[in-house]
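Student: below: sequence and its predicted model.
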Amino acid sequence: MADLSLLQDSQEDTGGLLDFVSQDEMLTPLSRLDKYISSENVFNRQMVARSLLDTLRAVSEDEHECVSVLERIDRLADDSEPTVRAELMEQIPHIAIFCQENRPSIPSAFSRYLLPIVVRYLADQNNLVRKTSQAALLVLLEQELMERADVETLVCPVLVDLTAPDSNDDVKTEAMAIICKMAPMVGKDITERLFLPRFCEMCCDCRMFHVRKVCAANFGDICSVVGGDATEELLLPRFFQLCSDNVWGVRKACAECFMSVSSASSPEVRRSKLSAVFISLISDPSRWVRQAAFQSLGQFISTFASSSSAAGQFFRDEADWNSSTLSTHTHTPPSSETPLLCVSHNALGCEEPDVAEEGGGEQPAEEEPEVRDSTEEQEALEQDMSQQQQEVSDPEEEQEQDRTTGSSQQQEVSGPVEEQDRTPSSPAEQQEVRGPAEQEDESPSGPQQQIPEQELFNSFHYWRTPIPQIDLELELQGPQKRPSAPPLARRQLEELIENLEPHIDDPDVKAQVDVLTAALRASALDSALEDSAFLEPRAAQCEPFSTQLLSADTQRCDDGDSELSDCSAEEERRSSRQQDVVPQALLDQYLSMTDPSRAQTVDMEIAKHCAYSLPGVALTLGRHNWHCLRDTYETLASDMQWKVRRTLAFSLHELAGILGDQLTAAHLLPVFNSFLKDLDEVRIGVLKHLYDFLKLLHPDTRRKYLYQLQEFLVTDNSRNWRFRSELAEQLVLLLELYSAQDVHDYLRPLAFCLCTDRVSSVRWTSYRLVSEIIRKLSSCSSLLVCFLSELVEKFCHSQKWSSRQAFAFVCQLSIEEECLTLDQFSEHLLPPLLRLASDPVPNVRVLLAKTLRQTLLEREYLVSSSPGQQEALEHTLLSLQTDVDKDVKYFASVHPANTRLNEDAMSTTSSTY
């Protein structure tokens, strides 16, 4: 009885539900809306919000009823349940699109009924409703459904008020995020007038770091909207404050958007200010900040690319280099970025050549400035000697002068160890840089012994020990009158060590301190040896043949030679990284990303980020500065992580386009050869851009790789069929790079091998490759006949039905793509093709029927062919029209509507696995 009562109750409930549904169907859309909008059930009100768009579409023909629905939306917006309000807000963009499409019947519906709801919900107390309204607002702006006047007068003031200091913390943060996202949509004018003052104020919010973090994360977008002037005047001071914020998350956000900020700044600000700030982020105490900074380092360096070049490369002609070098020698003040071949002093007191461009050498003799007469030269020399004495006597003034001439880059926050090379542009500085022997040669008293300037930097004059010049008057004056340049170098070393000691916890800084300490000890040892030799008794100095002095001199020379060799090796390595496109400190930090210690102290995948941004850095530096990146590239190419090598493999063709054929052949081909024998994950990067890379090589070099193309058929995993499919697609492109004979000898076997692959997708791509080979060989009749004969033998006469089907498809492609003439087709391919009409497999006959009906008859082959061929073709079509298989009969009798070649190919793909 209990079961019967339950069944009766369920039947009554079902009947009541049916009555309920039938009653709703009897109601009009507006009546149904009024019924459920006032329901006490929350679910019913949610359903009303979801069905608003359907209700509008149902009453769209009546303008009065549409307005009534919109009025009820305003009523529903006052619902006390947050889920109902959130559901309504999700429907607002769809309703706005409907109103936009039906604007003539319901004008100003959006701005009158919908937009006030969106604006009111931006300050809703419920988090879900606020999030939904913010998303809806961005959609409305992206779809351009809001009038610009409504945005300026209704939306923007509300958002600015929500970011007031007395506003709720969560609301303030969300409103600032919406402002930053709206800035690119509303444009420069509204952003500068309404958003920019509040944005600058929020960047300095001392109470809420979440607001500062939002501002830092979107700083680049704001800078790109307001432009360079407002960025440098108003935004950059705030950005510098954010980069030194106490919260590491704010500094990390600044590092992530650094490229956008740099792109909106002028080159001068980028070089002088932003570079120093970025160096401070790279040496930040927080590992997460350093990690983000190193990830953005390559992108930041790419903003230094020259804007004058269309390709973005920093190239200058050789004549421009020479003229700029000469003008710098004669007019430009000393600078750390002057592209000259000069000799500068580093922290160890050694001389190093600063090469401006790869392979750069001395300036030609005919391009030297005019030589002054002997009187002017003598006066200038006397004046330079007096300046030199002032510089020696007062080293503090020299330090101050160095700071004012642009050497302040060594005082950056991270404390770069290397001193910026200063170009000796004045005659006094050139005389100070060159040795005393060269000064003697330039004296007016001995013009007949003067060494030509183009010979000053050859290997003999550069590496030999300078011949000592003894001044008797200076010798008699005693040791106190002797000029002492080494103490100045020691003082600089001590200052650098003191600046780096607070950051000694950083392993990189500790390594730099160790190098500076060793240099300081070597400098002190040299000065001690010189003082002891100078204070020896004069009697001992006057005995030139003393055995003791000879042994001491020999020991000193050996020590000097060893120090000179170590110093020269270090300076040679350092000079190989010198360039004038980006600040040297930035490039040094980028090159250090391959250091194994960086993986432990910064990021395990820092080498991958370095490899990812290397093409952009190479494009910025230009091919003449490739020597700066060559060692780093070779290190990345031999990295133990396959992800690093894979990244380089995918960008190898881009780098080859930047460097040109000569540098590519010298430095990229060995890497390319090693990648060919690497893992499949690395080889796929080479294979996907094989055509793009090989077309940049010299034809003779390109031809050597014909022998290695077959290596791509072998993979680590035989199931990796996409690798072989990509090879087939690349071979289609490679056909234009080689001659018909090379295609026949090397690419033909690969094509036939791919046509017999186990995977259907690889085979169908290979069939297109075979048709393109036919096109390539059509210009040489002997090679074409040989190739077609082999095609007929291997495919048309094959025991496998899939090969015979492939022959029919290749014939269809050859005619469809016009790979050969109809005469060549009728002579070599038509007879074996028609014999497939008696094939026992229906799939082969289906494709034959498609080929004859859709390809040959479309090109009016029966009209242009001979009578015998017309008769054979008609007989074959009749036999296919009477075939026992209904699909063969269908395709041979009727031309299917809207059937194309690709569809026909894919229709038979499933049957060929």
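Tutor: Received, thanks.

Student: make it CA atoms for all contacts and neighbour counts henceforth
Tutor: Fine.

Student: how far away is the residue nearest to Thr191 when sequence neighbours are not counted from Ile117?
Tutor: Sequence neighbours aside, Ala183 is the residue nearest to Thr191 in space, at 5.8 Å (criterion: Cα to Cα, 6 or more residues apart in numbering). The spacing between Ala183 and Ile117, counted by Cα to Cα, to the nearest Å, is 22 Å.

Student: more crowded one of those two?
Tutor: Looking at Ala183 and Ile117 with other Cα atoms under 10 Å, you find the greater number of neighbours at Ala183, namely 23 against 20.

Student: in a helix, the more buried one, correct?
Tutor: Yes - when DSSP: H, G, I helix; E, B strand; the rest coil is applied, Ala183 is found to be in a helix.

Student: so it makes contact with Ile222?
Tutor: Yes - taking Cα atoms under 8 Å as the contact criterion, Ala183 and Ile222 are neighbours in contact, 6.6 Å apart.

Student: look up how far Asp839 lies from the nearest residue to Val841 once chain neighbours are set aside.
Tutor: For Val841, the nearest residue in space outside its immediate sequence neighbours is Trp801; the separation is 6.8 Å by Cα to Cα, 6+ apart. For Trp801, the distance to Asp839 (Cα to Cα) stands at 9 Å.

Student: where do the helices sit along the stretch 1-150 of the chain?
Tutor: If DSSP state H, counting those that start in this stretch is used as the criterion, the helices of the stretch 1-150 of the chain fall at 2-26, 29-37, 42-50, 52-58, 63-76, 82-101, 109, 115-121, 127-142, 148-150.

Student: the stretch 601-750 of the chain now?
Tutor: Taking DSSP H, counting those that start in this stretch as the criterion, the stretch 601-750 of the chain contains helices spanning 606-621, 630-637, 642-650, 652-663, 669-676, 680-688, 690-694, 699-703, 721-734, 740-742, 748-755.

Student: ok, residues contacting the first one?
Tutor: Okay, so that is helix 606-621. By Cα atoms under 8 Å, 6 or more residues apart in numbering, the residues outside helix 606-621 that reach it are 291, 294-295, 298-299, 301-306, 312-314, 579, 581-582, 590, 593-594, 598-599, 625-626, 629, 633, 636, 643-644, 647-648, 651, 654-655, 658.

Student: with the last one instead?
Tutor: Surrounding helix 748-755, the residues in contact under the criterion Cα under 8 Å, 6+ apart are Gln710, Arg724, Ala728, Val762, Arg763, Trp764, Ser766, Tyr767, Leu769, Val770, Ile773.

Student: what's the angle from that helix to helix 721-734?
Tutor: Taking axes from the mean of the first three to the mean of the last three Cα atoms, to 10 degrees, one finds helix 748-755 and helix 721-734 inclined to each other by 140 degrees.

Student: quick one: mean pLDDT for stretch 665-678?
Tutor: Per-residue pLDDT values across stretch 665-678 average out to 94.

Student: how long is it from one end to the other?
Tutor: Here stretch 665-678 reaches across 20 Å from its first residue to its last, counting by Cα to Cα.

Student: go through that stretch and flag the buried ones.
Tutor: Neighbour counts over stretch 665-678 (16 or more other Cα atoms under 10 Å) mark Ala665, His667, Leu668, Leu669, Val671, Phe672, Phe675, Leu676 as buried.

Student: next, the contact list for Glu726, please.
Tutor: Leu687, Lys688.

Student: gap between it and Asp839?
Tutor: Taking Cα to Cα as the measure, Glu726 and Asp839 are separated by 32 Å.

Student: same question for Val277.
Tutor: From Val277 over to Asp839 (counting by Cα to Cα), the distance is 77 Å.

Student: higher neighbour count, these two?
Tutor: Neighbours around Val277 and Asp839, counted as other Cα under 10 Å, are more numerous at Val277. The numbers are 20 against 14.

Student: pretty sure the more buried one sits in a helix.
Tutor: Yes - with the criterion set as three-state DSSP, the secondary structure at Val277 is a helix.

Student: wait, it sits on Cys243?
Tutor: Yes - taking contact to mean Cα under 8 Å, the distance of 7.3 Å between Val277 and Cys243 places them in contact.

Student: and Glu233, what does it touch?
Tutor: Listed by Cα under 8 Å, 6+ apart, Glu233 has no contact partners.

Student: any idea which helix or strand in this protein has the lowest mean pLDDT?
Tutor: Taking mean pLDDT, DSSP states H and E as the measure, the helix or strand of the chain with the lowest value is strand 342-345, at a mean of 34.

Student: domain-wise, how is the protein divided?
Tutor: Here the domain parsing of the chain from the TED database is 26-146, 147-295, 780-912.

Student: most packed of the ones you listed?
Tutor: For the domains of the chain, the stretch with the most neighbours on average is domain 147-295, a mean of 19; neighbours defined as mean count of other Cα atoms under 10 Å.

Student: gap between the two ends of that domain?
Tutor: Start to finish, the residues bounding domain 147-295 are 40 Å apart (Cα to Cα).

Student: swap in stretch 713-723?
Tutor: This stretch, stretch 713-723, spans 8 Å end to end (Cα to Cα).

Student: got the contact list for it?
Tutor: Contacts of stretch 713-723 from elsewhere in the structure, counted by Cα under 8 Å, 6+ apart, are Leu679, Asp680, Ile684, Arg724, Val759, Val762.

Student: buried set for it?
Tutor: Of the residues in stretch 713-723, Trp721, Phe723 count as buried by neighbour count, 16+ other Cα under 10 Å.

Student: thinking again about what came up before, pipe the helices of the stretch 601-750 of the chain into a markdown table and attach distance to Asp885 per row.
Tutor: As requested, the helices of the stretch 601-750 of the chain are arranged in a markdown table below (distance: least, Cα to Cα, whole Å):
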| stretch | distance to Asp885 |
| --- | --- |
| helix 606-621 | 57 |
| helix 630-637 | 59 |
| helix 642-650 | 49 |
| helix 652-663 | 52 |
| helix 669-676 | 49 |
| helix 680-688 | 42 |
| helix 690-694 | 44 |
| helix 699-703 | 50 |
| helix 721-734 | 33 |
| helix 740-742 | 42 |
| helix 748-755 | 27 |
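
Student: these: which one's closest to Ala77?
Tutor: Across the helices of the stretch 601-750 of the chain, Ala77 has its closest neighbour in helix 606-621 (49.4 Å, Cα to Cα).

Student: perfect, that will be all.
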